[in-house]
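# How does the following fold in three dimensions:
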Amino acid sequence: MALEDITREVRAFITTHILSVEALEVLLLLHRERERVWTADEVQEVICSSVPSITAKLEHFATIGTLTVKQGSPRTYQYRAASPEREAQITGLAEAYRSRRVSVLQLIYADRSDDLRAFSDAFKISR
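Purely as a prediction, here's the structure:
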């Protein structure tokens with residue numbers, strides 16, 4: 001699977017909602033173990049990141065219709081795509097990451113590196 005073999009819908013999902021490898025790993029963990037209900041602490045134990053960062057990712061995915069949230073102490077999260085289209089995007093993402101990991105990583109960081117380069121170019125001193 002080449003970069004162009006990743007569907008337009010999956011590419012759009014990545015560039016819009018997957019801003020880091022951490023976010024990708026969080027989403028794919030919950031997708032892979034969709035029957036399980038998770039706390040942010042439990043996700044953190046698997047992902048090995050900070051709980052506040054994991055919580056932010058979980059909350060983002062909940063707002064875009066990929067996770068359900070159960071209020072309580074602690075809050076819990078479970079994978080549940082809000083639509084068949086969203087399910088297809090995330091399943092396609094998981095398949096692409098399994099078969100073309102580098103291509104997915106390039107998509108995650110491609111737009112951000114262009115933005116960073118444009119920002120840094122604004123500070124170049126002309127002679």
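# Provide a list of residues in contact with Ala96.
For Ala96, the contact set (C-beta atoms under 8 Å, 6 or more residues apart in numbering) comprises 1, 6, 10, 103-104. Placement of C-beta: from N, CA and C, glycine included.
# The helix or strand it falls within: which residues count as buried?
Element membership for Ala96, per DSSP states H and E: helix 84-99. By neighbour count on 16 or more other C-beta atoms under 10 Å, the buried set for helix 84-99 is 86-87, 89-90, 92-94, 96-97.
# Tabulate the residues you listed (CSV), appending distance to Phe61 and pLDDT.
Converted to CSV, the buried residues of helix 84-99 look like this (distance: C-beta to C-beta, whole Å; pLDDT from 0 to 100):
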residue, distance to Phe61, pLDDT
Arg86, 10, 95
Glu87, 13, 96
Gln89, 12, 95
Ile90, 10, 96
Gly92, 16, 95
Leu93, 12, 96
Ala94, 14, 97
Ala96, 18, 94
Tyr97, 16, 95
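# could you check the distance from the spatially closest residue to Leu28 that is not a sequence neighbour over to Arg11?
The shortest distance from Leu28 to any non-neighbouring residue, by C-beta to C-beta, 6 or more residues apart in numbering, is to Ala94 (5.6 Å). Ala94 sits 14 Å away from Arg11, going by C-beta to C-beta, to the nearest Å.
# those strands in this protein, which residues are they?
67-70, 76-79 (DSSP state E).
# I'd like the mean pLDDT over the last one, please.
Confidence for strand 76-79, expressed as mean pLDDT, is 97.
# what residues are up against Arg34?
Per C-beta under 8 Å, 6+ apart, neighbours of Arg34: 78-80.
# So which of these wins on neighbours?
When neighbours are counted by other C-beta atoms under 10 Å, Tyr79 leads those with 22 neighbours.
# What confidence value was assigned to Tyr109?
The model's pLDDT for Tyr109 equals 88.
# okay, now it: neighbour count?
Tyr109: 14 surrounding residues under other C-beta under 10 Å.
# which intervals of the protein have sub-threshold pLDDT?
The chain contains residues with pLDDT under 70 at 1-4, 111-127.
# Fine by me, we can end here.
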